[in-house]
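# take this sequence and fold it.
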Amino acid sequence: MKGTHIHQAPRLLGIIWPFVAVVILQVLLAGLSLYTLSAVRAYVAGESLWSKAQKDAIYYLNLYAERPEPRFLQRFHQAIAVPQGDHELRIALDQPTPDYAAARTGILQGGNHPEDVSRIIWFYSYFRNISFMQKAIAYWDIGDDYLRQLDLLATEIHSSFSSGQPTLEQVNEWKARIATINEGVTPAAKAFSDALGEGSRVLLKVLLISNLLTAIFLITMAWRRSSKLLSQRQAFASALQAEKDRAQITLASIGDAVITTDVDGNILYMNAAAEQLTHWQAASAQGLPLSALFSLLDEHSDEDARTLIEQVLAGSLRGGAEHARLIQRLDGSTVSVNLVGSPILSDGQATGIVLVLHDMTQERQYIANLSWQATHDALTGLANRREFEYRLEQALNGLARQPGRHALMFLDLDQFKLVNDTCGHAAGDELLRHICAVLQSGLREGDTLARLGGDEFGVLLENCPQEQAERIAEQLRQAVQSLHFVWKGRPFITTVSIGLVSMALAPGTLEASLRAADMACYMAKEKGRNRVQVYHADDSELSMRFGEMAWIQRLHVALEENRFCLYAQEIAALSDQEGPGHIEILLRLHDESGRTILPDSFIPAAERYGLMTALDRWVVRNVFQVIRQCLNEGRPGPLALVAINLSGSSIGDDKFLDYLQRLFSEFEIPPRMICFEITETSAIANLGSAIRFINELKGLGCKFSLDDFCAGMSSFAYLKHLPVDYLKIDGSFVKDMLDDPINRAMVEVINHIGHVMGKRTIAEFVETPLIEQALQEIGVDYAQGYLIERPQVFTCDSLQRQRIAARPLLQRAPGTFR
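Below is the predicted model:
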């Protein structure tokens, strides 16, 4: 067959080469004709632009002669530029060596389309000596001469207007000359247009005759060669048979099952893949109806009552869309396939159908694996958090419809990080697998064990009374504790903390149930680990933890929405020697409804869950912004010392110290204006960090105050190591000092020790004149409380209010006792 092809190729070329040659000639001639006609069209378009431009030029020059407005002259120059560009074209191309760049510029100035530039230059270069073109160019030159006269007249008119107001006679003369030029240029333009029109008509006739002769030649050649083409018909039939054979081989080789039938559904052909899919041999199946091979089982067959053959003939199973079907073979086995079918058409009539069936078994298995991976933990094979929350939500929905008893457990391994840190993650993974096996063995059939992440697990006990749930939880705890895990000769003791919630007692939402179990687990951790903590709705300790957790989200939102605000409260001197006092900055929160919340409500949650440093940063930045505003306003008189409270977490954070130093530099705040207050408890708990923190900032010029002194650890031994400037006597001693001699003695001792160490003392909770008088008698330096001032919104006025000078008690204004 290969040799036949090689032998026949030159004969075929010998047959068709005249057609190829004539077609090429016809294409070239047609292309040349179209190009020439396009060039003529471009000239006609240029002539239209030229005629319009000369009329516009005459019109605007006439207006300018009547009213010497610059816009008329400008319009004239714009119009005269078009024929001037066409004139430049002729000058450039009429040179012995044509200047094509200048010609291109002239054409574009004449307003022609950029794509017509090459055609105009080509046509002018090769057709200018033809009679009709010479005649057109002659009229073109006459028109250009009139327009040159018009341009000179425009220059004359402009010069006359520039030198003074012309007479009416001059204006009339100009208009007469313009009319004369118009009478001369209009016939020239018309003659130029007529010459172009005559030439284009002649050219069109020539081109039509040429194309007609070429077509006649082509028909003649086709007639002579037809007999030779007929002789090739048998060769083409042979080639077609060969192509059919190749198609059969291709169908037999592809991996999808291919079945063809007649219009009645009787099988005509099956490839090897179809034999394997249907468990039928092609020879045995030929002539049988398609239903003998398999039947459809899936839901699509119920929706569509038509047979498979009818669906294919109707075009319902064409390619381009997924047609998933489940077929059942004669042996009862089923297989999922993607089915595509098309009718076989002959002269517009269906003569059969072709079915292509792709076995979806592997794809379905792959999808099933992906689905499993999406709902299970890869390491342990347990359900993951997403699947666990889905099952828990289903259980909660079931409780809403019908009462039941379910239990939820959170399990957190104790000291699991120790295994990873000492032996690596491979050891940790192996331990997790062992623990999963232990936990699974301690659960009932139908219970859900899930890995929620890291070393955390969740258990859903459905239809389980609380007493039984507590027993299961304790059994799981003991089972984990009994696990002896050894890694490379090193033994580890494993324990687990468990939080248990009866879903009949817990809040009925998914989020609330998870939070309750998490909090119960957290409490088990706090109480010493390796225990089961059962959630009770009336548990005050759990309720407090719930409240703190709710505050965390609210604090995050408040920081994002900038809903915190600053208040200032005066700290006044109790003696003349101390001079004016200073102010302490107090933090408040505006909640979602606009109410003002005191810090006692949210500070415990912020301290427990690590938000205090963020709050301290917000406070310091906003205080510095107010101080900077006051300094920029240049208010007279000194500004007060500002006391800012800092938490223990901020004191131990090196990044916070760097942050403060950057703020001092950014806002250019004098450090001597700032006093930082730290509590005695946080200072002693982080003594080394506190001393380093205080020394760094005192080196800049800041002052420090030790707040709530003697309310916590109350060790005077620590005090000598803390280089603070002020001691704040805790208000719990001050408010009852008149009725409790011990509290008064504590105030006296703290004041005396503070003075011995060179520190100033500040008494809190000064709310009555008698307490103030007692503090003056003891010798306390400063007082703070509602007697002195109630907290006010912190503004520039807070920094410059007239301080209360120390004076006899009876001389105070009545309003200060409120």
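# let me see the contact set for residue 738.
744, 770, 771, 774 (C-beta atoms under 8 Å, 6 or more residues apart in numbering). For glycine as for every other residue, the C-beta is placed from the backbone atoms N, C-alpha and C.
# so the second one versus residue 744, what's the distance?
I take that to be residue 770. Going from residue 770 to residue 744 by C-beta to C-beta, to the nearest Å gives 12 Å.
# of those two, which one has the most company?
residue 744 (17 against 12; other C-beta atoms under 10 Å).
# after whichever strand or helix holds that one comes which helix or strand?
Assigned by DSSP states H and E, residue 744 belongs to helix 741-756. Using DSSP H and E, the helix or strand that directly follows helix 741-756 along the chain is strand 760-763.
# now that following strand: average pLDDT?
Per-residue pLDDT values over strand 760-763 give a mean of 93.
# model confidence over the helix or strand following that strand, on average?
Next along the chain after strand 760-763, taking DSSP H and E as the criterion, comes helix 769-778. Here helix 769-778 scores 94 as its mean pLDDT.
# same for the strand or helix carrying residue 93, what does it pack against?
Residue 93 is part of helix 70-94, with elements assigned from DSSP H and E. Helix 70-94 is packed against helix 2-66, helix 100-109, helix 117-127, helix 131-163, with contacts defined by 3 or more C-beta pairs under 8 Å, 6 or more residues apart in numbering; DSSP states H and E.
# return the set of buried residues in stretch 741-758.
743, 744, 746, 747, 748, 750, 751, 753, 754 (16 or more other C-beta atoms under 10 Å).
# once you drop chain neighbours, what's closest to the fifth one?
Right, residue 748. Of all residues not flanking residue 748 in the chain, residue 778 sits nearest, at 5.4 Å (C-beta to C-beta, 6 or more residues apart in numbering).
# count of residues packed around that neighbour?
18.
# give me every residue that touches it.
With the criterion set at C-beta under 8 Å, 6+ apart, residue 778 makes contact with 744, 747, 748, 751.
# can you check residue 785 too?
Residues near residue 785 by C-beta under 8 Å, 6+ apart: 731, 734, 763, 764, 765, 766, 767, 771.
# out of the residues you listed, who has the most neighbours?
Counting by other C-beta under 10 Å, top hit in the contacts of residue 785: residue 763 with 30 neighbours.
# how about it: which residues does it bridge to?
On the basis of DSSP bridges, residue 763 is bridged to residue 729, residue 783.
# so what does the helix or strand containing residue 655 touch, helix or strand wise?
Assessed by DSSP H and E, residue 655 sits inside helix 654-667. The elements that helix 654-667 packs onto, with contact taken as 3+ C-beta pairs under 8 Å, 6+ apart, are helix 612-633, helix 687-700.
# if we go to 10 Å?
On a contact count with 3 or more C-beta pairs under 10 Å, 6 or more residues apart in numbering; DSSP states H and E, helix 654-667 meets helix 612-633, helix 648-651, strand 674-679, helix 687-700.
# in CSV: those, plus mean neighbour count.
Shown next, in CSV, are the helices and strands packed on helix 654-667 (neighbours: other C-beta atoms under 10 Å):
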stretch, mean neighbour count
helix 612-633, 18
helix 648-651, 22
strand 674-679, 22
helix 687-700, 16
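# in a markdown table, list these along with distance to residue 562 and mean pLDDT.
Shown next, in a markdown table, are the helices and strands packed on helix 654-667 (distance: least, C-beta to C-beta, whole Å; pLDDT from 0 to 100):
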| stretch | distance to residue 562 | mean pLDDT |
| --- | --- | --- |
| helix 612-633 | 8 | 92 |
| helix 648-651 | 20 | 86 |
| strand 674-679 | 22 | 91 |
| helix 687-700 | 26 | 89 |
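# so which of these comes closest to residue 723?
Of all these, it is helix 687-700 that lies closest to residue 723, at 5.6 Å by C-beta to C-beta.
# before we move on, the earlier item: what angle separates the helix holding residue 93 from helix 131-163?
Relative orientation of helix 70-94 versus helix 131-163 (axes from the mean of the first three to the mean of the last three C-alpha atoms, to 10 degrees): 140 degrees.
# in the stretch 251-400 of the chain, which spans are strands?
Counting by DSSP state E, counting those that start in this stretch, one finds strands in the stretch 251-400 of the chain at the ranges 257-262, 267-270, 294-296, 324-329, 334-346, 349-359.
# strand partners (parallel or antiparallel) of the shortest one?
Based on DSSP bridges, the pairing partners of strand 294-296 within the sheet are strand 324-329 (antiparallel).
# so how far is residue 182 from the residue with the largest distance to the centre of the chain?
If you look at how far each residue of the chain sits from its centre, by C-alpha atoms, centre = their mean, the farthest one is residue 169, at 76.9 Å. Going from residue 169 to residue 182 by C-beta to C-beta gives 20 Å.
# now the helix holding residue 655: buried residues?
Using 16+ other C-beta under 10 Å as the test for burial, helix 654-667 gives 656, 657, 659, 660, 663, 664, 667.
# list the contacts of the second one.
Spelled out, that is residue 657. Applying C-beta atoms under 10 Å, 6 or more residues apart in numbering, one finds that residue 657 lies in contact with 650, 651, 689, 692, 693, 696, 697.
# kindly provide the distance from it to residue 697.
Residue 657 sits 8 Å away from residue 697, going by C-beta to C-beta.
# on that earlier part again, for residue 434, which of the helices and strands packed on helix 654-667 is the nearest?
Set against residue 434 and scored by C-beta to C-beta, the helices and strands packed on helix 654-667 come closest in helix 648-651, at 37.5 Å.
# got the contact list for that closest one?
Here helix 648-651 makes contact (C-beta under 10 Å, 6+ apart) with 606-607, 610-617, 619-620, 656-657, 659-660, 676, 678-679, 681-686, 689-694.
# ok, 6 Å please
With contacts defined as C-beta atoms under 6 Å, 6 or more residues apart in numbering, helix 648-651 is touched by 612, 613, 616, 656, 678, 682, 686, 689, 690, 693.
# now it, how far from the centre of its chain.
Taking C-alpha atoms, centre = their mean, to the nearest Å, one finds helix 648-651 lying 36 Å from the centre of the chain it belongs to.
# do the same with stretch 364-379
Centroid separation for stretch 364-379 versus its chain: 28 Å, with C-alpha atoms, centre = their mean.
# average pLDDT for that stretch?
Rounded to a whole number, the mean pLDDT of stretch 364-379 is 82.
# who touches it?
Contacts of stretch 364-379 (C-beta under 6 Å, 6+ apart): 336, 383, 384, 387, 429, 451.
# by pLDDT, rank those residues and give me the bottom one.
residue 336 (80).
# where are the low-confidence patches of the stretch 451-600 of the chain?
Low-confidence segments of the stretch 451-600 of the chain (pLDDT under 70): 505-508, 537-550, 578-579.
# and the helices in the stretch 201-350 of the chain?
233-253, 272-278, 282-285, 299-303, 308-313 (DSSP state H, counting those that start in this stretch).
# rewinding a little: gap between the residue nearest to residue 748 and residue 754?
From residue 778 to residue 754 the distance is 11 Å (C-beta to C-beta).
# hey, which helix or strand in the protein has the poorest pLDDT?
Here the helix or strand of the chain ranked lowest by mean pLDDT, DSSP states H and E is helix 299-303, holding a mean of 50.
# about what we covered before: what helices or strands is the helix holding residue 744 leaning on?
Packing partners of helix 741-756 (3 or more C-beta pairs under 6 Å, 6 or more residues apart in numbering; DSSP states H and E): strand 726-729, helix 731-734.
# hang on, residue 592 is in a helix, isn't it?
No - counting by DSSP: H, G, I helix; E, B strand; the rest coil, residue 592 falls outside a helix, being coil.
# around the spatially closest residue to residue 265 that is not a sequence neighbour, how many other residues sit close by?
Excluding the flanking residues, the one nearest residue 265 by C-beta to C-beta, 6+ apart is residue 309, at 4.2 Å. Using other C-beta under 10 Å, residue 309 has 22 neighbouring residues.
# ok, residue 309 to residue 266 distance?
On the measure of C-beta to C-beta, residue 309 and residue 266 end up 10 Å apart.
# with residue 446 instead?
Distance of residue 446 to residue 266, computed by C-beta to C-beta: 53 Å.
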